[in-house]
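Q: could you look at this predicted model? Sequence included:
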Amino acid sequence: MEQYREWAEPVMEKIREKMEWVSKKNQDKIPYRTDENGDYDDRSDLSREWNTDDGLNWWTNGFWGGIMWLLYQDTKKEHYAQIARNLEEKLTRCFEDFYGLHHDVGFMFQPTAVMNWRLTKNKNSRKTALHAANLLAGRFNPSGRFIRAWNDTSDNTKGWAIIDCLMNLSLLYWASEETKDPRFRQIAMLHADTVQKNFVRPDGSVCHIVEFDPESGAMVRSLGGQGYGEGSSWTRGQGWAIYGFTVSYLHTQKKEYLTTAKKVADYCLSQIPESGIIPVDFRQPKEPAWEDCCGACVIASGLLTFAECLTENEREDYQAAAVKILSAIAEKRADFSTDCDAIVQNCSSAYHVPEHHITMSYADYYFMEAIYKLQGIGKFVW
Ligand code: GLY
(Lines give C-alpha, C1' and ligand atoms only; values in the text may rest on other atoms or scores of the structure.)
Protein backbone atom coordinates (compact mmCIF):
# COMPACT_ATOMS: atom_id res chain seq x y z
CA MET A 1 0.00 0.00 0.00
CA GLU A 2 2.96 2.31 0.68
CA GLN A 3 3.79 2.63 -3.03
CA TYR A 4 0.19 3.67 -3.71
CA ARG A 5 0.29 6.24 -0.95
CA GLU A 6 3.37 7.74 -2.58
CA TRP A 7 1.68 7.70 -5.96
CA ALA A 8 -1.39 9.46 -4.54
CA GLU A 9 0.45 12.26 -2.75
CA PRO A 10 1.13 14.57 -5.75
CA VAL A 11 -2.42 13.95 -7.03
CA MET A 12 -3.73 14.95 -3.62
CA GLU A 13 -1.66 18.12 -3.73
CA LYS A 14 -3.22 19.10 -7.07
CA ILE A 15 -6.70 18.38 -5.68
CA ARG A 16 -6.04 20.55 -2.61
CA GLU A 17 -4.81 23.41 -4.75
CA LYS A 18 -7.71 23.25 -7.15
CA MET A 19 -10.45 22.79 -4.57
CA GLU A 20 -9.27 25.83 -2.63
CA TRP A 21 -10.48 28.18 -5.38
CA VAL A 22 -13.28 25.96 -6.74
CA SER A 23 -14.89 25.78 -3.30
CA LYS A 24 -14.76 29.55 -2.81
CA LYS A 25 -16.07 30.30 -6.29
CA ASN A 26 -19.02 27.91 -5.81
CA GLN A 27 -19.58 28.22 -2.07
CA ASP A 28 -23.27 29.09 -2.33
CA LYS A 29 -24.12 26.58 -5.01
CA ILE A 30 -25.07 22.93 -5.15
CA PRO A 31 -23.13 21.93 -8.26
CA TYR A 32 -23.94 19.01 -10.52
CA ARG A 33 -22.15 19.68 -13.81
CA THR A 34 -20.15 22.34 -15.59
CA ASP A 35 -21.28 24.31 -18.65
CA GLU A 36 -19.38 25.11 -21.86
CA ASN A 37 -17.37 27.76 -19.98
CA GLY A 38 -16.35 25.29 -17.30
CA ASP A 39 -18.61 26.92 -14.67
CA TYR A 40 -20.65 24.81 -12.28
CA ASP A 41 -24.47 24.95 -12.41
CA ASP A 42 -26.49 25.37 -9.21
CA ARG A 43 -29.24 22.91 -8.33
CA SER A 44 -30.35 25.15 -5.48
CA ASP A 45 -31.01 28.09 -7.79
CA LEU A 46 -34.75 28.35 -7.28
CA SER A 47 -35.11 31.10 -9.91
CA ARG A 48 -34.47 28.37 -12.47
CA GLU A 49 -37.23 26.07 -13.69
CA TRP A 50 -36.03 22.77 -12.21
CA ASN A 51 -38.67 20.11 -11.93
CA THR A 52 -39.37 18.36 -8.62
CA ASP A 53 -36.74 15.73 -9.26
CA ASP A 54 -33.76 17.68 -10.49
CA GLY A 55 -33.76 20.89 -8.48
CA LEU A 56 -33.15 20.88 -4.75
CA ASN A 57 -34.19 17.21 -4.65
CA TRP A 58 -31.66 16.13 -7.27
CA TRP A 59 -30.10 12.87 -6.10
CA THR A 60 -26.47 14.01 -6.38
CA ASN A 61 -26.94 17.10 -4.23
CA GLY A 62 -25.20 15.60 -1.20
CA PHE A 63 -21.89 14.98 -2.95
CA TRP A 64 -20.76 18.61 -2.90
CA GLY A 65 -21.22 18.55 0.87
CA GLY A 66 -19.35 15.24 0.97
CA ILE A 67 -16.44 16.78 -0.92
CA MET A 68 -16.37 19.62 1.60
CA TRP A 69 -16.25 17.24 4.58
CA LEU A 70 -13.40 15.31 2.91
CA LEU A 71 -11.46 18.54 2.47
CA TYR A 72 -12.30 19.70 5.98
CA GLN A 73 -10.95 16.51 7.54
CA ASP A 74 -7.78 16.87 5.51
CA THR A 75 -7.08 20.60 5.91
CA LYS A 76 -9.11 21.55 9.04
CA LYS A 77 -10.11 24.72 7.18
CA GLU A 78 -13.36 26.01 8.61
CA HIS A 79 -14.71 27.35 5.32
CA TYR A 80 -15.11 23.80 4.01
CA ALA A 81 -17.23 22.86 7.01
CA GLN A 82 -19.27 26.01 6.58
CA ILE A 83 -20.07 25.24 2.92
CA ALA A 84 -21.11 21.72 3.90
CA ARG A 85 -23.36 23.03 6.67
CA ASN A 86 -25.03 25.55 4.35
CA LEU A 87 -25.70 22.87 1.78
CA GLU A 88 -27.16 20.52 4.38
CA GLU A 89 -29.48 23.25 5.59
CA LYS A 90 -30.77 23.69 2.02
CA LEU A 91 -31.28 19.95 1.60
CA THR A 92 -33.49 19.74 4.68
CA ARG A 93 -36.03 21.88 2.81
CA CYS A 94 -36.64 18.84 0.58
CA PHE A 95 -38.53 17.19 3.43
CA GLU A 96 -41.25 19.85 3.09
CA ASP A 97 -41.65 19.12 -0.60
CA PHE A 98 -41.46 15.33 0.01
CA TYR A 99 -42.55 14.33 -3.52
CA GLY A 100 -39.08 14.70 -5.03
CA LEU A 101 -37.39 12.46 -2.45
CA HIS A 102 -36.90 8.78 -3.16
CA HIS A 103 -34.44 5.91 -2.52
CA ASP A 104 -31.50 8.29 -3.08
CA VAL A 105 -31.96 10.01 0.27
CA GLY A 106 -28.95 7.93 1.31
CA PHE A 107 -26.77 9.56 -1.33
CA MET A 108 -28.14 12.93 -0.26
CA PHE A 109 -27.83 12.69 3.51
CA GLN A 110 -25.07 10.19 4.25
CA PRO A 111 -22.19 12.41 3.04
CA THR A 112 -23.84 15.50 4.56
CA ALA A 113 -25.98 15.06 7.70
CA VAL A 114 -24.44 11.76 8.84
CA MET A 115 -20.92 13.10 8.31
CA ASN A 116 -21.78 16.34 10.07
CA TRP A 117 -23.09 14.36 13.04
CA ARG A 118 -20.05 12.11 13.09
CA LEU A 119 -17.58 14.97 12.84
CA THR A 120 -19.22 17.74 14.85
CA LYS A 121 -22.00 16.06 16.87
CA ASN A 122 -24.53 18.52 15.49
CA LYS A 123 -27.85 17.28 16.93
CA ASN A 124 -29.92 18.69 14.08
CA SER A 125 -27.87 16.67 11.61
CA ARG A 126 -28.62 13.49 13.52
CA LYS A 127 -32.34 14.34 13.39
CA THR A 128 -32.13 15.11 9.66
CA ALA A 129 -30.38 11.83 8.93
CA LEU A 130 -32.87 9.81 11.00
CA HIS A 131 -35.73 11.54 9.20
CA ALA A 132 -34.19 10.55 5.86
CA ALA A 133 -33.60 6.97 7.07
CA ASN A 134 -37.27 6.66 8.01
CA LEU A 135 -38.30 7.83 4.54
CA LEU A 136 -35.98 5.27 2.99
CA ALA A 137 -37.28 2.47 5.21
CA GLY A 138 -40.83 3.49 4.27
CA ARG A 139 -40.11 2.56 0.66
CA PHE A 140 -39.69 -1.12 1.53
CA ASN A 141 -41.99 -3.52 -0.30
CA PRO A 142 -42.54 -6.48 2.10
CA SER A 143 -43.85 -8.90 -0.56
CA GLY A 144 -40.88 -8.51 -2.84
CA ARG A 145 -38.44 -7.62 -0.02
CA PHE A 146 -36.96 -4.71 -1.93
CA ILE A 147 -36.71 -0.95 -1.56
CA ARG A 148 -38.64 0.72 -4.31
CA ALA A 149 -36.59 2.89 -6.68
CA TRP A 150 -37.60 6.38 -7.82
CA ASN A 151 -41.13 7.79 -7.84
CA ASP A 152 -43.99 7.54 -10.33
CA THR A 153 -42.95 8.39 -13.87
CA SER A 154 -44.54 7.65 -17.23
CA ASP A 155 -43.40 4.04 -16.67
CA ASN A 156 -45.12 2.07 -13.97
CA THR A 157 -42.21 1.89 -11.54
CA LYS A 158 -43.95 0.71 -8.36
CA GLY A 159 -42.18 -2.65 -8.58
CA TRP A 160 -38.76 -1.37 -9.63
CA ALA A 161 -35.55 -1.86 -7.69
CA ILE A 162 -32.12 -0.76 -8.88
CA ILE A 163 -28.53 -1.77 -8.22
CA ASP A 164 -27.51 1.78 -7.14
CA CYS A 165 -29.80 1.55 -4.11
CA LEU A 166 -27.26 -0.72 -2.40
CA MET A 167 -25.25 2.40 -1.59
CA ASN A 168 -28.26 4.02 0.07
CA LEU A 169 -28.40 1.16 2.57
CA SER A 170 -25.56 2.82 4.48
CA LEU A 171 -28.10 5.26 5.86
CA LEU A 172 -30.22 2.39 7.21
CA TYR A 173 -27.23 0.64 8.77
CA TRP A 174 -26.19 3.93 10.35
CA ALA A 175 -29.73 4.51 11.71
CA SER A 176 -29.75 1.09 13.42
CA GLU A 177 -26.27 1.58 14.82
CA GLU A 178 -27.28 5.02 16.07
CA THR A 179 -30.66 4.17 17.61
CA LYS A 180 -30.05 0.47 18.47
CA ASP A 181 -33.35 -0.21 16.69
CA PRO A 182 -32.71 -3.21 14.39
CA ARG A 183 -35.57 -2.47 11.95
CA PHE A 184 -33.47 -0.30 9.63
CA ARG A 185 -30.70 -2.91 9.37
CA GLN A 186 -33.27 -5.68 8.87
CA ILE A 187 -34.80 -3.83 5.92
CA ALA A 188 -31.37 -3.13 4.46
CA MET A 189 -30.39 -6.80 4.68
CA LEU A 190 -33.64 -8.04 3.16
CA HIS A 191 -33.08 -5.65 0.25
CA ALA A 192 -29.43 -6.71 -0.14
CA ASP A 193 -30.49 -10.39 -0.12
CA THR A 194 -33.03 -9.70 -2.86
CA VAL A 195 -30.43 -7.92 -4.96
CA GLN A 196 -27.98 -10.76 -4.47
CA LYS A 197 -30.55 -13.24 -5.72
CA ASN A 198 -32.01 -11.28 -8.62
CA PHE A 199 -29.40 -8.85 -9.95
CA VAL A 200 -26.12 -10.74 -9.92
CA ARG A 201 -25.61 -13.01 -12.91
CA PRO A 202 -23.57 -16.25 -12.80
CA ASP A 203 -20.60 -14.49 -14.49
CA GLY A 204 -20.52 -11.72 -11.86
CA SER A 205 -22.02 -9.00 -14.06
CA VAL A 206 -25.11 -7.20 -12.73
CA CYS A 207 -28.20 -5.70 -14.28
CA HIS A 208 -29.30 -2.19 -13.48
CA ILE A 209 -33.06 -2.54 -12.93
CA VAL A 210 -35.23 -5.44 -11.84
CA GLU A 211 -38.98 -5.18 -11.94
CA PHE A 212 -41.03 -7.09 -9.39
CA ASP A 213 -44.78 -7.44 -9.19
CA PRO A 214 -45.48 -4.90 -6.45
CA GLU A 215 -48.39 -6.98 -5.09
CA SER A 216 -47.07 -10.54 -5.18
CA GLY A 217 -43.39 -9.60 -5.07
CA ALA A 218 -42.57 -12.03 -7.92
CA MET A 219 -39.67 -11.09 -10.18
CA VAL A 220 -41.02 -9.95 -13.57
CA ARG A 221 -38.02 -8.96 -15.71
CA SER A 222 -34.71 -7.12 -15.77
CA LEU A 223 -34.12 -3.91 -17.72
CA GLY A 224 -31.00 -2.32 -19.19
CA GLY A 225 -31.63 1.00 -17.43
CA GLN A 226 -28.71 3.38 -17.76
CA GLY A 227 -26.59 0.76 -19.51
CA TYR A 228 -26.50 -0.31 -23.16
CA GLY A 229 -29.50 -2.65 -22.93
CA GLU A 230 -31.09 -5.71 -21.46
CA GLY A 231 -28.39 -8.23 -20.48
CA SER A 232 -25.63 -5.62 -20.68
CA SER A 233 -23.21 -4.50 -18.00
CA TRP A 234 -23.50 -0.82 -17.05
CA THR A 235 -20.11 -0.06 -15.54
CA ARG A 236 -21.26 2.35 -12.85
CA GLY A 237 -23.75 -0.32 -11.78
CA GLN A 238 -20.86 -2.79 -11.43
CA GLY A 239 -19.21 -0.21 -9.20
CA TRP A 240 -22.33 0.29 -7.09
CA ALA A 241 -22.53 -3.50 -6.66
CA ILE A 242 -18.89 -3.97 -5.58
CA TYR A 243 -19.08 -1.04 -3.21
CA GLY A 244 -22.64 -1.72 -2.03
CA PHE A 245 -22.14 -5.39 -1.13
CA THR A 246 -18.90 -4.47 0.60
CA VAL A 247 -20.75 -1.85 2.65
CA SER A 248 -23.42 -4.41 3.60
CA TYR A 249 -20.67 -6.79 4.67
CA LEU A 250 -18.91 -4.12 6.73
CA HIS A 251 -22.10 -3.31 8.65
CA THR A 252 -23.36 -6.86 9.14
CA GLN A 253 -20.33 -9.18 8.86
CA LYS A 254 -22.51 -11.45 6.70
CA LYS A 255 -19.90 -13.35 4.65
CA GLU A 256 -22.18 -13.87 1.62
CA TYR A 257 -22.11 -10.13 0.91
CA LEU A 258 -18.33 -10.17 0.71
CA THR A 259 -18.44 -13.26 -1.50
CA THR A 260 -20.86 -11.49 -3.83
CA ALA A 261 -18.74 -8.33 -3.86
CA LYS A 262 -15.79 -10.54 -4.85
CA LYS A 263 -17.74 -12.18 -7.63
CA VAL A 264 -18.63 -8.78 -9.13
CA ALA A 265 -15.12 -7.43 -8.52
CA ASP A 266 -13.50 -10.43 -10.26
CA TYR A 267 -15.77 -9.98 -13.25
CA CYS A 268 -14.98 -6.27 -13.30
CA LEU A 269 -11.22 -6.88 -13.17
CA SER A 270 -11.53 -9.20 -16.17
CA GLN A 271 -13.19 -6.38 -18.15
CA ILE A 272 -10.99 -3.37 -17.36
CA PRO A 273 -9.35 -2.27 -20.62
CA GLU A 274 -5.55 -2.03 -20.88
CA SER A 275 -5.88 1.78 -20.99
CA GLY A 276 -7.64 1.84 -17.62
CA ILE A 277 -10.36 4.02 -19.19
CA ILE A 278 -13.80 2.65 -18.38
CA PRO A 279 -16.63 2.59 -20.96
CA VAL A 280 -20.25 3.35 -20.05
CA ASP A 281 -21.06 -0.33 -20.45
CA PHE A 282 -18.66 -3.27 -20.61
CA ARG A 283 -20.90 -4.73 -23.34
CA GLN A 284 -21.40 -1.65 -25.50
CA PRO A 285 -20.34 -1.68 -29.17
CA LYS A 286 -16.73 -0.58 -29.90
CA GLU A 287 -17.99 2.62 -31.52
CA PRO A 288 -18.97 5.16 -30.36
CA ALA A 289 -16.41 4.69 -27.58
CA TRP A 290 -18.41 6.43 -24.85
CA GLU A 291 -16.58 6.58 -21.56
CA ASP A 292 -17.80 7.02 -18.02
CA CYS A 293 -15.00 8.28 -15.81
CA CYS A 294 -17.54 8.68 -13.02
CA GLY A 295 -18.27 4.94 -13.06
CA ALA A 296 -14.51 4.44 -13.12
CA CYS A 297 -14.12 6.39 -9.87
CA VAL A 298 -16.98 4.49 -8.20
CA ILE A 299 -15.38 1.16 -9.20
CA ALA A 300 -11.96 2.30 -7.96
CA SER A 301 -13.19 3.56 -4.61
CA GLY A 302 -15.34 0.46 -4.16
CA LEU A 303 -12.41 -1.84 -4.97
CA LEU A 304 -10.22 -0.11 -2.39
CA THR A 305 -12.73 -0.65 0.40
CA PHE A 306 -13.42 -4.19 -0.78
CA ALA A 307 -9.68 -4.94 -0.73
CA GLU A 308 -9.46 -3.74 2.87
CA CYS A 309 -11.85 -6.57 3.85
CA LEU A 310 -9.44 -9.20 2.52
CA THR A 311 -6.22 -10.63 3.88
CA GLU A 312 -2.93 -8.98 2.94
CA ASN A 313 -2.21 -11.66 0.29
CA GLU A 314 -5.62 -11.45 -1.33
CA ARG A 315 -5.66 -7.66 -1.64
CA GLU A 316 -3.01 -6.88 -4.18
CA ASP A 317 -4.89 -7.43 -7.47
CA TYR A 318 -7.85 -5.32 -6.40
CA GLN A 319 -5.73 -2.44 -5.12
CA ALA A 320 -3.61 -2.55 -8.27
CA ALA A 321 -6.75 -2.45 -10.44
CA ALA A 322 -8.13 0.51 -8.48
CA VAL A 323 -4.87 2.41 -8.84
CA LYS A 324 -4.68 1.59 -12.54
CA ILE A 325 -8.10 3.20 -13.01
CA LEU A 326 -7.22 6.20 -10.82
CA SER A 327 -3.92 6.70 -12.66
CA ALA A 328 -5.74 6.70 -16.00
CA ILE A 329 -8.07 9.40 -14.66
CA ALA A 330 -5.30 11.45 -13.05
CA GLU A 331 -3.05 11.31 -16.10
CA LYS A 332 -5.55 11.43 -18.97
CA ARG A 333 -8.97 12.61 -17.80
CA ALA A 334 -8.41 15.04 -14.94
CA ASP A 335 -8.43 18.80 -15.38
CA PHE A 336 -6.38 20.48 -12.66
CA SER A 337 -6.37 23.81 -14.48
CA THR A 338 -8.49 26.89 -13.80
CA ASP A 339 -10.42 26.35 -17.06
CA CYS A 340 -13.05 24.10 -15.52
CA ASP A 341 -14.57 23.89 -12.03
CA ALA A 342 -14.69 20.10 -12.17
CA ILE A 343 -11.70 17.79 -12.06
CA VAL A 344 -12.91 14.52 -13.61
CA GLN A 345 -13.87 14.80 -17.28
CA ASN A 346 -15.61 12.42 -19.74
CA CYS A 347 -18.47 11.22 -17.59
CA SER A 348 -21.72 9.84 -18.98
CA SER A 349 -24.91 9.73 -16.96
CA ALA A 350 -26.14 6.81 -19.08
CA TYR A 351 -25.49 5.11 -22.43
CA HIS A 352 -28.63 6.28 -24.21
CA VAL A 353 -28.50 10.01 -23.54
CA PRO A 354 -27.92 12.75 -26.10
CA GLU A 355 -24.87 14.16 -24.33
CA HIS A 356 -21.78 12.23 -23.29
CA HIS A 357 -18.43 13.17 -21.82
CA ILE A 358 -19.71 15.77 -19.44
CA THR A 359 -18.57 16.47 -15.88
CA MET A 360 -20.57 15.28 -12.85
CA SER A 361 -19.82 16.41 -9.31
CA TYR A 362 -20.05 12.92 -7.88
CA ALA A 363 -17.23 11.79 -10.16
CA ASP A 364 -15.06 14.32 -8.35
CA TYR A 365 -16.44 13.07 -5.04
CA TYR A 366 -15.52 9.41 -5.69
CA PHE A 367 -12.17 10.36 -7.23
CA MET A 368 -11.26 12.39 -4.16
CA GLU A 369 -12.66 9.78 -1.78
CA ALA A 370 -10.46 7.11 -3.41
CA ILE A 371 -7.34 9.29 -3.33
CA TYR A 372 -7.99 10.09 0.35
CA LYS A 373 -8.36 6.36 1.06
CA LEU A 374 -4.92 5.77 -0.46
CA GLN A 375 -3.61 8.54 1.78
CA GLY A 376 -5.35 7.11 4.84
CA ILE A 377 -7.09 10.44 5.52
CA GLY A 378 -10.66 10.86 6.80
CA LYS A 379 -13.46 8.76 8.27
CA PHE A 380 -15.16 6.12 6.16
CA VAL A 381 -18.38 7.69 4.84
CA TRP A 382 -20.59 4.75 3.91
N1 GLY B 1 -27.56 6.44 -9.05
C2 GLY B 1 -27.75 6.81 -10.39
C3 GLY B 1 -26.54 6.81 -11.18
O4 GLY B 1 -25.55 6.19 -10.88
O5 GLY B 1 -26.58 7.46 -12.22
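A: Now that the structure is in, tell me what you want to look at.

Q: what residues does the chain put near the ligand?
A: Neighbours of the ligand within the chain, by C-beta under 6 Å from any ligand atom: 164, 226, 236, 349. Using the backbone N, CA and C atoms, a C-beta is placed for each residue, glycine as well.

Q: change it to 5 Å
A: 164, 236 (C-beta under 5 Å from any ligand atom).

Q: check which element follows the lowest-mean-pLDDT helix or strand in the chain along the chain.
A: In the chain, no helix or strand scores lower on mean pLDDT, DSSP states H and E than helix 94-97, which sits at a mean of 93. Using DSSP states H and E, the helix or strand that follows helix 94-97 towards the C-terminus is helix 105-109.

Q: list the buried ones in the least confident helix or strand of the chain?
A: The neighbour-count check on helix 94-97 (16 or more other C-beta atoms under 10 Å) flags Cys94 as buried.

Q: also stretch 354-368?
A: Buried-residue list, stretch 354-368, by 16+ other C-beta under 10 Å: 356, 358-368.

Q: what average pLDDT does it get?
A: The pLDDT scores in stretch 354-368 average 98.

Q: what sits against the closest residue to the ligand within the stretch 151-300 of the chain?
A: Going by C-beta to the nearest ligand atom, the ligand is nearest to Asp164 of the stretch 151-300 of the chain, at 3.6 Å. When contacts are counted by C-beta atoms under 8 Å, 6 or more residues apart in numbering, Asp164 touches 103-104, 149, 208, 236-237, 240, 244.

Q: swap in 7 Å and give it another go.
A: 237, 240 (C-beta atoms under 7 Å, 6 or more residues apart in numbering).

Q: what does the least confident helix or strand of the chain rub up against?
A: Against helix 94-97 from outside (C-beta under 7 Å, 6+ apart): 52, 56-57, 100-101, 131.

Q: between those residues, which has the most around it?
A: Asn57 (24 neighbours; other C-beta atoms under 10 Å).

Q: make sure it is actually in contact with Gly100.
A: Yes - using C-beta atoms under 7 Å, Asn57 is in contact with Gly100, at 2.9 Å.

Q: quick one: buried residues of stretch 85-104?
A: 85-88, 90-92, 94, 100-104.

Q: next one: stretch 305-322
A: Neighbour-count burial for stretch 305-322 flags 305-307, 309-310, 315, 318-319, 321-322 (criterion: 16+ other C-beta under 10 Å).

Q: next step: those restricted to helices.
A: 305-307, 315, 318-319, 321-322 (DSSP state H).

Q: of these, which pair is most distant in space?
A: Pairwise distances across these (C-beta to C-beta) peak at 13.2 Å, for the pair Thr305 and Ala321.

Q: burial of Thr153, as a residue count?
A: Using other C-beta under 10 Å, Thr153 has 9 other residues around it.

Q: so it: helix, strand or coil?
A: Three-state call for Thr153 (DSSP: H, G, I helix; E, B strand; the rest coil): coil.

Q: could you shift the numbering so residue one becomes 43, and keep it that way?
A: Sure thing, new numbering starts at 43, so read that last one as Thr195.

Q: how far away is it from Trp202?
A: Thr195 sits 10 Å away from Trp202, going by C-beta to C-beta, to the nearest Å.

Q: again with Asp223
A: Distance, Asp223 to Trp202, by C-beta to C-beta: 27 Å.

Q: of the two, which one has the most company?
A: Using other C-beta under 10 Å as the criterion, Asp223 and Trp202 rank with Trp202 on top: 23 against 13.
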